[in-house]
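[1] Please work out how this folds:
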Amino acid sequence: MIRAGRQHLVRTLADLAAQQGVGIDHYTRLKPYDAPGFPKPISSKGSRLRLYDGEQVDAYLLGKPVPPLPETDDDGDLLDRRECAALIGVAPDSWKTYKNDPALTAARIEAGGVEHWPRHAVRTFQAGRPGNAAPKPGRPRNTGDQVPRDQVPVLVAELLDADPTISAATVTERLGVHRNTGQDALTRLRADRIADHIEAHPTLTPTEAATALGYPAGQVRRATARAEVVLRARHAGPYLTDVATALHRAGWTTVEAAPEVQFPGDDRVVAALVLDGDRAPVPAVVWDERYGWRTGTSRRHPITKGGVRPSEGEGVRYLAGGITPPPGAVVAALTP
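    Numbering: from 1, shown residues only. Here you go, the predicted model:
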């Protein structure tokens, strides 16, 4: 975590490389940060981006004693998604749903390219979680959803926390949403949590994980199938991030960020990365687990509706090299 009042001291690996006057590729090959005595990352274990406290790094490089960080929790501490999830007692991937709560969206802070939330905002959110004790009126006939779409996943997560056996019909009654809206949110949440459980217990099948979580067998056929897709997406995540990093280094994206992953039809993994740099050769690139990379013609809607595979031509070009070509090969294939 980033201790209160120390956000201005946050440094990334790229910052440390620049401080030493070398490129990030050279720096990460040498790995000086793995040397004995080098300050530990302040990012949580397993984070994609390592963050460090600048005061500690400066002291180490000058041969001085590394000052300790505050050990007492403070309401101003900044927590990443894993730390937020641990604070409220949910799986890290579940935080992707909770963070869409309007109060948490307003409190979000980006530090070192990583989303963080103040401890006090997470505690306030936790204290206000309605769970099963806050029933909502049913959805009247011939009316739209009574809950804004962006709040539905958060509220459904609360209901699922309180009752793992909850049905789509009950979600509809409690939240006043269309049954399809409730069913979709319930399926997605259960799939994410089944995937979380399998990652923690790799020998389990999706069906066994669903049973362990208390989900009724008759309600989770779609969720267990989607969980397998979610796991494939997570497995592909590091590769997609590496490609995104390579495209950023080429100057084709203004921000180093992982591609947006989608699950068309709940049965395949598709990811898109918008190339918003001034010298970008194409508006976007799209990766599909079935056929690899292609160019996209739209920054706004790079993935075609339903994940349909578009034909080549009119700006669409499939990049050779298999399903997961090396990041450098993707850059080379796009280079004019």
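[2] what stretches of the stretch 51-200 of the chain score poorly on pLDDT?
    129-149 (pLDDT under 70).
[3] show me where it has helices.
    Assigned by DSSP state H, counting those that start in this stretch, the helices in the stretch 51-200 of the chain fall at 54-61, 81-88, 95-98, 102-107, 119-127, 152-162, 168-175, 179-200.
[4] number of nearby residues for Ala107?
    Look at Ala107: counted by other C-beta atoms under 10 Å, it has 17 neighbours. Just so you know, the C-beta spots here come from the backbone N, C-alpha and C atoms, and that holds for glycine as well.
[5] got JSON lines for the helices of the stretch 51-200 of the chain, with distance to Ala320 too?
    Converted to JSON lines, these look like this (distance: least, C-beta to C-beta, whole Å):
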{"stretch": "helix 54-61", "distance to Ala320": "42"}
{"stretch": "helix 81-88", "distance to Ala320": "36"}
{"stretch": "helix 95-98", "distance to Ala320": "34"}
{"stretch": "helix 102-107", "distance to Ala320": "41"}
{"stretch": "helix 119-127", "distance to Ala320": "46"}
{"stretch": "helix 152-162", "distance to Ala320": "38"}
{"stretch": "helix 168-175", "distance to Ala320": "44"}
{"stretch": "helix 179-200", "distance to Ala320": "32"}
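[6] Can you say which of these is nearest to His248?
    Evaluated with C-beta to C-beta, the helices of the stretch 51-200 of the chain place helix 81-88 nearest to His248, the distance being 21.1 Å.
[7] Would you mark the buried spots in that closest one?
    Neighbour counts over helix 81-88 (16 or more other C-beta atoms under 10 Å) mark Arg81, Arg82, Glu83, Cys84, Ala85, Leu87, Ile88 as buried.
[8] next one: stretch 194-206
    Applying 16+ other C-beta under 10 Å to stretch 194-206 flags Ile194, Ala195, Asp196, His197, Ile198, Glu199, Leu204, Pro206 as buried.
[9] Helix or strand: which one has the closest residue to the last one other than its chain neighbours?
    Meaning Pro206. Distances taken as C-beta to C-beta, 6 or more residues apart in numbering place Thr224 nearest to Pro206, at 3.8 Å, with adjacent residues excluded. Secondary structure assigned from DSSP states H and E places Thr224 in helix 221-249.
[10] Name the next helix or strand downstream of that helix, please.
    strand 260-262.
[11] Output the helix or strand following that following strand as CSV - backbone C-alpha positions only.
    Once strand 260-262 ends, the next helix or strand along the chain (criterion: DSSP H and E) is strand 270-274. Output of strand 270-274 as CSV, limited to C-alpha atoms (Å, rounded to 0.1, in the frame of the first residue of the first chain):
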residue,chain,number,x,y,z
VAL,A,270,-11.5,-11.3,-27.2
ALA,A,271,-9.3,-8.3,-26.2
ALA,A,272,-8.9,-4.9,-27.8
LEU,A,273,-6.3,-2.2,-27.5
VAL,A,274,-6.9,1.3,-28.8
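[12] re the thing from before, could I get the buried residues of helix 81-88 in CSV, plus columns for distance to Arg29?
    Output for the buried residues of helix 81-88, formatted as CSV (distance: C-beta to C-beta, whole Å):
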residue, distance to Arg29
Arg81, 28
Arg82, 27
Glu83, 29
Cys84, 33
Ala85, 32
Leu87, 36
Ile88, 38
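[13] of the residues you listed, closest to Ala4?
    Nearest to Ala4 among these: Glu83, at 13.6 Å, using C-beta to C-beta.
[14] on that earlier part again, got a list of what the residue nearest to Pro206 touches?
    Ala191, Ile194, Pro206, Thr207, Ala209, Ala210 (C-beta atoms under 8 Å, 6 or more residues apart in numbering).
[15] With Ile24 instead?
    Leu13, Ala14, Ala17, Arg249.
[16] 10 Å instead, please
    Thr12, Leu13, Ala14, Asp15, Leu16, Ala17, Ala18, Thr245, Arg249 (C-beta atoms under 10 Å, 6 or more residues apart in numbering).
[17] Which of those residues ranks first by neighbour count?
    In the contacts of Ile24, the most neighbours by other C-beta under 10 Å go to Leu16, 21 neighbours.
[18] With just CA atoms, put the helix or strand harbouring that one into CSV.
    Per DSSP H and E: Leu16 is located in helix 13-19. C-alpha atoms of helix 13-19 as CSV (Å, rounded to 0.1, in the frame of the first residue of the first chain):
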residue,chain,number,x,y,z
LEU,A,13,10.3,0.5,-12.5
ALA,A,14,10.5,2.9,-15.4
ASP,A,15,11.2,5.7,-12.9
LEU,A,16,13.9,3.7,-11.3
ALA,A,17,15.5,2.9,-14.7
ALA,A,18,15.5,6.5,-15.7
GLN,A,19,17.0,7.4,-12.3
